[in-house]
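>>> below: sequence and its predicted model.
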Amino acid sequence: MTANPNTPHIAVVGCGYWGKNLVRNFHELNALAAVSDGNPGVAAEFGARYGVPALSWENLLADDKVDAVAIAAPAAKHASLAREALTAGKDVYVEKPLALKVGDGEELCRLADEHGRVLMVGHLLQYHPAFLKLREMIRLGDIGRLQYVYSNRLNLGKFRREENILWSFAPHDISMILSLCGSEPETVSAVGAYYLHRRVADVTTTHLDFPTGEQAHIFVSWLHPFKEQKLVVVADDGMLTFDDSQPWESKLTLYPHKVEWRDNMPVPTKADAEPVSVEPAEPLRNECQHFIDCVTDRSRPRTDGREGLRVLKVLHRAETSLAQGIDGNGPLTSSAKAPDEASSRFPGVNVHESAYVDDDVQIGEGSRIWHFTHVLPRTRIGRNCVLGQNVAAGPEVVIGDNCKVQNNVSLYKGVVLEDGVFCGPSCVFTNVMTPRAKVERKNEFLETRVKRGATIGANATIVCGNTIGAYSLIAAGAVVTSDVPAHALMAGVPARRIGWVSHAGERLGPDLICPREGRRYREIDDNTLEEIAE
């Protein structure tokens, strides 16, 4: 093949598991100019095999003969390498994901615009002939209005520790679904399972709801007995399946099934499956050629930086949902750390990008502030705390160490949580006894103190000016109107003591022995329980 003098000179960075395929394809397309790898020996081997220089990263950036770089390094390095390449005036192709933080992805898009550079993300299946045909059929209305999309991407291995299954397998499916639905989802939720490592999900299911009514789910796993890569599209006038494990003549199939209504009941009307003709082509070859064309023509890639950023945002939202599902709050993996400015203000603290943290706030290391939460001025939050979705805290609220404040809780001025307090979803604190919208009563705010280790159940109401005793438990829906003794189990409206609970939160029987820890207690009077020292 005769080289085109206009073909850009592209260097591949990373010659490992996937990078070697990029090296081969760019070589076959007469665009490979150099290779680079963290292991100089590997780079030298590939350079010799394909007859191109093996360059260090620094020398590659300084080489004027290199027009563009294709990055296939570990995901944690994508943002920094792409940033340096764009700043050096190189066009950039980066394998998925674009970055691990939304803020980094936004910065890369901005740099590409500022420097007039091409930025493309390797969402491979957007270049698969079967998917392109499927997308065209949907655009033309061949199966009617899109209703539901789901994808399965399953296999046994390759196991990873630097990223979980969501970040390893799901970006391609998210990219396809966003392309089909034509918008970003309103809601994203994910659940997962952890079998091989307690902090790295092996199986996840992600659900997406779109503003125009479409819904989607993505099932990914590397603990599956066989390989499956399937996309199913359901519309009101037919269905399509894209099964990449099938031969070319069967990869794309149309099912002209319909649902008819009879006597106000849906009735399925089935039809024979029809294979859809697709011209065979290697998706990666198409993708590499597309990057070459965009660099040559200065055109916008199909999977440009903005498309990669949309996928990254969905991944981030799914990861956040996934992390919250682990024992009520869950650890954040490296890929889930919030990218916003608030996180950098508080070292060791994860602040979701949608949260607002005002000035003059203290947050202890290890704490997590989730989406749509607002922390107001002069609020102090201790170490290893969790503030869930849509929490408001402050101003001048004090939260001790190891507290958990679940979704939709407002902690107003005057509320003090000592260490180890649990506030259940949508529980309510008041701060004034006789509120009126038109009457200013800020000087009448009363302090409410929740002492060490206490638990407040979901939808309970704590009337201001009262103290919740240490290790007490307020039942869901209870309304507390007076001080609560330590270890008291409170229920009802108004709340009354119906028993005692141990330090571990277990209800005590007549013997007053904790069934979980074996601690022994004795009742001094109706309002006092004390532990018997061993």
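The structure has been received and is ready for your questions.

>>> let's verify Gln126: helix, strand, or coil?
helix (DSSP: H, G, I helix; E, B strand; the rest coil).

>>> contacting residues for it?
Shown in contact with Gln126 (Cβ atoms under 8 Å, 6 or more residues apart in numbering): 132, 175-176, 179, 287, 302-303. Any C-beta I mention is one placed from the backbone N, CA and C, and that applies to glycine too.

>>> try Asp91
Taking Cβ under 8 Å, 6+ apart, we find Asp91 in contact with 8, 67-69, 117-119, 294-295.

>>> from Pro97, how far out is it?
The spacing between Asp91 and Pro97, counted by Cβ to Cβ, to the nearest Å, is 19 Å.

>>> ditto for His503
From His503 to Pro97 the distance is 44 Å (Cβ to Cβ).

>>> comparing those two, which residue is more hemmed in?
Pro97 (28 against 17; other Cβ atoms under 10 Å).

>>> tell me how far the more buried one lies from Asp202.
19 Å.

>>> ramachandran coordinates for the residue positioned nearest the centre of the chain?
Centroid-nearest residue in the chain: Glu319, 2.4 Å away (criterion: Cα atoms, centre = their mean). The phi/psi pair for Glu319 (degrees, to the nearest 10) reads phi -60, psi -40.

>>> can you tell me the SS state at Tyr195?
coil.

>>> likewise for Ala318?
Applying three-state DSSP: Ala318 is helix.

>>> what's the weakest-modelled helix or strand in this structure?
Least confident helix or strand, the chain: helix 341-345 with a mean of 60, by mean pLDDT, DSSP states H and E.

>>> which helices and strands does the helix or strand following it pack with?
Per DSSP states H and E, the first helix or strand lying C-terminal to helix 341-345 is strand 350-351. Other helices and strands packing on strand 350-351, by 3 or more Cβ pairs under 8 Å, 6 or more residues apart in numbering; DSSP states H and E, are helix 341-345, strand 368-369.

>>> what's the first helix or strand after strand 350-351?
Heading C-terminal from strand 350-351, the first helix or strand you meet, by DSSP H and E, is strand 356-357.

>>> pLDDT on that next one, on average?
Averaged across strand 356-357, pLDDT comes to 90.

>>> now swap in stretch 462-476 and tell me
Taken as a whole, stretch 462-476 carries a mean pLDDT of 96.

>>> I figured Leu489 hits Ile498, correct?
Yes: here Leu489 reaches Ile498: they are 5.6 Å apart, a contact under Cβ atoms under 8 Å.

>>> domains in the chain, as residue ranges please.
10-122+284-302, 126-279, 334-531 (automatic domain parsing).

>>> from the middle of its chain, how far away would the last one be?
For domain 334-531, the separation from the chain centroid amounts to 27 Å (computed by Cα atoms, centre = their mean, to the nearest Å).

>>> how about low-confidence regions in the stretch 1-150 of the chain?
The stretch 1-150 of the chain contains residues with pLDDT under 70 at 1-4.

>>> show me where it has helices.
Using DSSP state H, counting those that start in this stretch, the helices found in the stretch 1-150 of the chain span residues 19-28, 40-50, 57-62, 78-87, 102-115, 129-139.

>>> which stretch among these comes nearest Phe372?
Nearest to Phe372 among the helices of the stretch 1-150 of the chain is helix 102-115 (15.2 Å), distances taken as Cβ to Cβ.

>>> what's the local residue count around Gly157?
Per other Cβ under 10 Å, the neighbour tally for Gly157 reads 8.

>>> what sits closest to it if chain neighbours are left out?
Trp222 (5.6 Å; Cβ to Cβ, 6 or more residues apart in numbering).

>>> more neighbours: which of Leu489 and Ile498?
Applying other Cβ under 10 Å to Leu489 and Ile498 shows that Leu489 carries more neighbours, namely 21 against 13.

>>> which residues touch the helix or strand the more buried one falls within?
When elements are assigned from DSSP H and E, Leu489 belongs to strand 488-491. The contact list for strand 488-491 (Cβ under 8 Å, 6+ apart) reads 469, 472-475, 478, 480, 484, 496-501, 507, 527, 529.

>>> if we use 6 Å, what do you get?
Contact with strand 488-491 is made by 472-475, 478, 484, 497-499, 501, as judged by Cβ atoms under 6 Å, 6 or more residues apart in numbering.

>>> cool, and stretch 390-406?
372-388, 407-411, 413, 415-425.

>>> buried only: go through those residues for me.
Buried members of the contacts of stretch 390-406, scored by 16 or more other Cβ atoms under 10 Å, are 373-376, 379-388, 407-411, 413, 415-425.

>>> in strands only, show me those residues.
Among the buried ones among the contacts of stretch 390-406, the residues falling in strands (DSSP state E) are 374-375, 380-381, 386-387, 410-411, 415-417, 422-423.

>>> what sits against Lys258?
Lys258 touches Thr269, counting by Cβ under 6 Å, 6+ apart.

>>> quick one on the thing from earlier: let's have the domains of the chain in JSON lines, adding distance to Arg310.
Shown next, in JSON lines, are the domains of the chain (distance: least, Cβ to Cβ, whole Å):
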{"stretch": "domain 10-122+284-302", "distance to Arg310": "9"}
{"stretch": "domain 126-279", "distance to Arg310": "6"}
{"stretch": "domain 334-531", "distance to Arg310": "14"}
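
>>> sorry, back to before: out of the contacts of Asp91, which comes closest to Pro347?
Nearest member of the contacts of Asp91 to Pro347, counting by Cβ to Cβ, is Leu119, at 30.2 Å.

>>> what's the local residue count around the closest one?
Neighbouring residues of Leu119 were enumerated by other Cβ under 10 Å; the total is 28.

>>> also the one 3 residues further on?
Neighbours of Gly122 under the rule other Cβ under 10 Å: 26.

>>> show me the contacts for it.
95-96.

>>> 8 Å instead?
Contact analysis of Gly122 by Cβ under 8 Å, 6+ apart lists 72, 93-96, 287, 303.

>>> now Val121, nearest residue through space, not along the chain?
Leaving aside its sequence neighbours, Val121 sits nearest to Gly308 (Cβ to Cβ, 6+ apart; 3.3 Å).

>>> for the nearest residue to Glu274 once chain neighbours are set aside, helix, strand, or coil?
In space, and not counting its chain neighbours, Glu274 is closest to Leu254: 4.5 Å by Cβ to Cβ, 6+ apart. Three-state call for Leu254 (three-state DSSP): strand.

>>> state the distance from Leu254 to Tyr148.
16 Å.

>>> looking at these two, which is more packed in?
More neighbours surround Leu254 than the other of Leu254 and Tyr148, with 20 against 14 (other Cβ under 10 Å).

>>> end-to-end on stretch 110-128?
Length of stretch 110-128, first residue to last, Cα to Cα, to the nearest Å: 28 Å.

>>> ok, Asn459 - contacts?
424-428, 476-477.

>>> now, of those residues, which are buried?
Using 16+ other Cβ under 10 Å, the buried members of the contacts of Asn459 are 424-425, 427-428.

>>> got these as JSON lines, with distance to Asn155 and pLDDT columns?
What follows is those, written out as JSON lines (distance: Cβ to Cβ, whole Å; pLDDT from 0 to 100):
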{"residue": "Gly424", "distance to Asn155": "40", "pLDDT": "94"}
{"residue": "Pro425", "distance to Asn155": "37", "pLDDT": "93"}
{"residue": "Cys427", "distance to Asn155": "44", "pLDDT": "95"}
{"residue": "Val428", "distance to Asn155": "48", "pLDDT": "95"}
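
>>> was I right about Val149 contacting Ala235?
No: if you go by Cβ under 8 Å, Val149 and Ala235 don't touch, sitting 9.5 Å apart.
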